[in-house]
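**Student:** can you look at this prediction? I've put the sequence above it.
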Amino acid sequence: MTADLPIADSQIDDRLLAEVALSRSEYGLLVEKLGRQPTLVELAMTGAMWSEHCGYKSSKPLLKLFPTTGPRVIQGPGENAGVLDIGEGLALVMKIESHNHPSAVEPYQGAATGVGGIIRDIFTMGARPIALLNSLRFGLPDVGRTSYLLNGVVAGIGGYGNCIGIPTVGGEVYFAAPYADNPLVNAMCAGVARQEEIILAAASGVGNSLMLVGADTGRDGIHGATFASDVLAQDNEQKRPAVQVGNPFLEKLLLEACLELAKTDHIVGMQDLGAAGLTSSSVECASRGGAGVILHTDRVSRRESGMTAYEVMLSESQERMLIVVKRGREAAVKAICDRWDLHSDIVGEVTDDGLVRIVDAGREVAAIPAHILTDEVPVYQRPSRRPAYLDAEAAFDLAAALPRDPDYSAALLRLLAQPNLRSKGSIYHQYDHTIQSNTVLPPGQGDAAVVRLKDWGSQAALAFSTDCNSVYCYLDPYRGGQLAVAEAARNVVCVGATPLAVTDCLNFGSPENPEVFYQFEQAVHGLADACRSLDIPVISGNVSLYNETSGVAVYPTPVVGMAGLLPDASKAISLGLKHAGHQIVLLGLQRPSEGDGLGGSEYATMLLGQPHGRPASLDAAHEANLYKCYLKAAAAGYIHAGHDCSEGGVAVTLSEMCVGGGLGAEVWAGYLFDESDYCTATSVLFGEWAGRILCEVSNDDLRPFVDLCSEFDISIYNIGEVTAAPRLQVRSFDDPQGDSRLLDLSLADLHQAYGDI
């Protein structure tokens, strides 16, 4: 085929369409919109931009359900990252994205380049990255490739983040069988900028130059966007060329150069080269600016010989930035790039015709309207069908399936040792969370990470959390979506921060499967309703579909990245117990609205071998009042330690507070609930439902705290006290003042089961 000539219809075969990931009908639609046959480069660019990864063709209608505005929102979805006003003239910039398919094929580079890509999304907005988080899912430990994938992904995250000098401050790691061949690797980054220094990615100003800065272009990552928009197969190893290769040291130079450029008057905008490389960056810049662009691929510096315009436009080589430079300022921009030892090429300019023109050695190989590639992506209304298993799980009789009176001490030790609950210290200790010297609460010490803003002259701090219980989402996608938002917000609240906004990463199987699409739409409805009820906008995000192999889809996993604001970094609240003699109180809901809180619980899953039942519902109005009450108590100094009561229930939450503080606790279960068929000792100890926080409060502050809870109509139960004796003891219902105990374990026992923080 000749690159600058339209492809003859007879040359369009299934192999070619599969290569560019276009269906026969989508090809016909492209021809109709162009009014002619496309060139090979135009076909490839359309395949990339119309892919699920770039075009959101199965998810766009649902994403409109999210609340995206608010008094603090400066920039919502549609840019490289969302932007919030955090006061004092400062802006928070944040985003989360997936790198799932690449990590399944090449875990180290897949995870590393996922980190590199999300960092570029932040500094391309003119913000300095201050924190990295992640959300990871793998198959069951010691089964198949799990160990290989886990070790590679963790090493890739640490290798890139540690080298570039951005602290990895938080995240989550879960294990379940459906992720065996489809690990999920979601990377989140947050940055801070002066509000006047925020840069948007729009090509404007006819005659302004397009400058490509950073790494030379190679063949790595070609068709990466389309690779991420298809199900995985057993021949994953053959797809290694679609995985990019990262260089954190080069990205550090690119970061500093771009931040320096953002402070000048030399540039109009910046756009990083992520999925679909030069194609997406040039097309998105043109579309956002309502302009056209012309790109000369022969001016792009390459590290491999013989590359075609097709390959240059689709390459996803890392550490590259497309910068829109004001006409006449090219030398000044090049001087800054030179000072940071970065290569820079003027590869094109802004035009006024709305076309994305690609020229190679004087031949025009593409001339396609930008709006066709962005605004006119085909959108599909996928069929949706409720899976039959959901009704079966809703009716599942957990009370009959679970033992009535287990050995609670043995059960707790076994529960603490479960892969999803056990300390993840062996993982996060591979990440540098101290670099930049702003981390107040590092991994393991609080429900959310806390990062101070002293470098911007502020005494405030930001809190960050990533959360999603995918088992809840599997058993009830709507409730699971709601609960993901609520737990992320509650974790931020527990450290003393007010929730500000959400960035989400929606990980699901093939949307062409009606049952998977049902999970997707219900989870989105749950997320949207919870965000609206809690008045927390969604400012950015990512959709990752086709996470399945051989017909086995991952659990629905809508990961929520939450940001919060603390007025005073020194008042951040950790989870470890602090002072013997202080009181332990349970704040929040006495019991779930239905059931016993064991549906989808870690306790039930541990005993039954797989998840069963239905998770408890969310009382959003109560949840909102709980946040207000806790934050007012935190501001008053009443709370010495706080911990969200979630997976594993009260027993696990207490254990983590004891281990975190090196102190014991004596608790009276009878002060929590009365014994009944509805709430057994098992549900009291291990039941999981939203709307509860365990707090350590001094004796002097207990009375005013109770009065404050009354003001917000929040229940508070004084259930015990912190002890110097290194034991966790929970007395039974029958004899709360006697020697009968449901639980009696030493701190050493808890440590051995849970692991090191």
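**Tutor:** Okay, I see it. Numbers count the residues shown, from 1 in each chain.
**Student:** spell out the secondary structure type for Ile323.
**Tutor:** strand (DSSP: H, G, I helix; E, B strand; the rest coil).
**Student:** any idea which helix or strand carries the nearest residue to it once chain neighbours are set aside?
**Tutor:** Among residues not flanking Ile323 along the chain, Met211 sits closest, at 4.7 Å (CB to CB, 6 or more residues apart in numbering). Using the backbone N, CA and C atoms, a C-beta is placed for each residue, glycine as well. Assigned by DSSP states H and E, Met211 belongs to strand 209-214.
**Student:** what does that strand contact?
**Tutor:** If you take CB atoms under 8 Å, 6 or more residues apart in numbering as the criterion, strand 209-214 is touched by 203, 250, 254, 257-258, 273, 278, 282, 285, 293, 295, 300-301, 319-325, 327, 330, 333-334, 337, 342-350.
**Student:** just those: which are in helices?
**Tutor:** Among the contacts of strand 209-214, the members found in helices (DSSP state H) are Leu250, Leu254, Ala257, Cys258, Leu278, Ser282, Cys285, Glu330, Val333, Lys334, Cys337.
**Student:** which ones are touching the first one?
**Tutor:** For Leu250, the contacting residues are Gly214, Ala215, Glu319, Leu342, taking CB under 8 Å, 6+ apart as the criterion.
**Student:** from those, which is closest to Gly306?
**Tutor:** Nearest to Gly306 out of those is Ala215 (CB to CB; 18.4 Å).
**Student:** quick one: the nearest residue to the closest one once chain neighbours are set aside from Arg303, how far?
**Tutor:** Leaving out its chain neighbours, the residue that sits closest to Ala215 by CB to CB, 6+ apart is Glu319, at 4.3 Å. From Glu319 over to Arg303 the distance is 12 Å, taken as CB to CB, to the nearest Å.
**Student:** the two: who's more crowded?
**Tutor:** Glu319 (27 against 12; other CB atoms under 10 Å).
**Student:** so where is the protein shaky, pLDDT-wise?
**Tutor:** Residues of the chain meeting the criterion pLDDT under 70: 1-4, 221, 223-242, 670-679, 733-739.
**Student:** show me which positions of whichever helix in the chain runs longest end up buried.
**Tutor:** Of all the segments assigned as helix in the chain under DSSP H, the longest by residue count is helix 514-534. With burial defined by 16 or more other CB atoms under 10 Å, the residues of helix 514-534 counted as buried are 515-534.
**Student:** same check on stretch 367-383?
**Tutor:** Result for stretch 367-383 [16+ other CB under 10 Å]: buried residues Ala367, Ile368, Pro369, Ala370, His371, Ile372, Leu373, Thr374, Glu376, Val377, Arg382.
**Student:** closest one of the residues you listed to Pro558?
**Tutor:** The nearest member of the buried residues of stretch 367-383 to Pro558, counting by CB to CB, is Arg382 at 16.6 Å.
**Student:** in this structure Ile119 contacts Leu254, no?
**Tutor:** No. Applying CB atoms under 8 Å, one finds Ile119 not in contact with Leu254, separated by 9.5 Å.
**Student:** returning to that earlier point: ok, and the most crowded of the ones in helices among the contacts of strand 209-214?
**Tutor:** Most surrounded of these: other CB under 10 Å gives Ser282, at 30 neighbours.
**Student:** now that one: how far from Val206?
**Tutor:** Taken as CB to CB, the span from Ser282 to Val206 is 15 Å.
**Student:** now do stretch 64-76: distance from first to last residue.
**Tutor:** Its start and end residues considered, stretch 64-76 measures 12 Å (CA to CA, to the nearest Å).
**Student:** stretch 281-299 now?
**Tutor:** Stretch 281-299: ends 16 Å apart by CA to CA.
**Student:** how about the secondary structure of Glu304?
**Tutor:** Glu304 - assigned by three-state DSSP - is coil.
**Student:** nearest residue to it in space, please, no chain neighbours.
**Tutor:** Nearest residue to Glu304 in three dimensions, chain neighbours excluded: Gly218, at 5.0 Å (CB to CB, 6+ apart).
**Student:** the one you found: neighbour count?
**Tutor:** So Gly218, with other CB under 10 Å, has 19 neighbours.
**Student:** with Leu743 instead?
**Tutor:** Around Leu743 there are 25 residues (other CB under 10 Å).
**Student:** does the residue nearest to Glu304 touch Glu319 like I think?
**Tutor:** No. Using CB under 8 Å, Gly218 is not in contact with Glu319; the gap is 11.2 Å.
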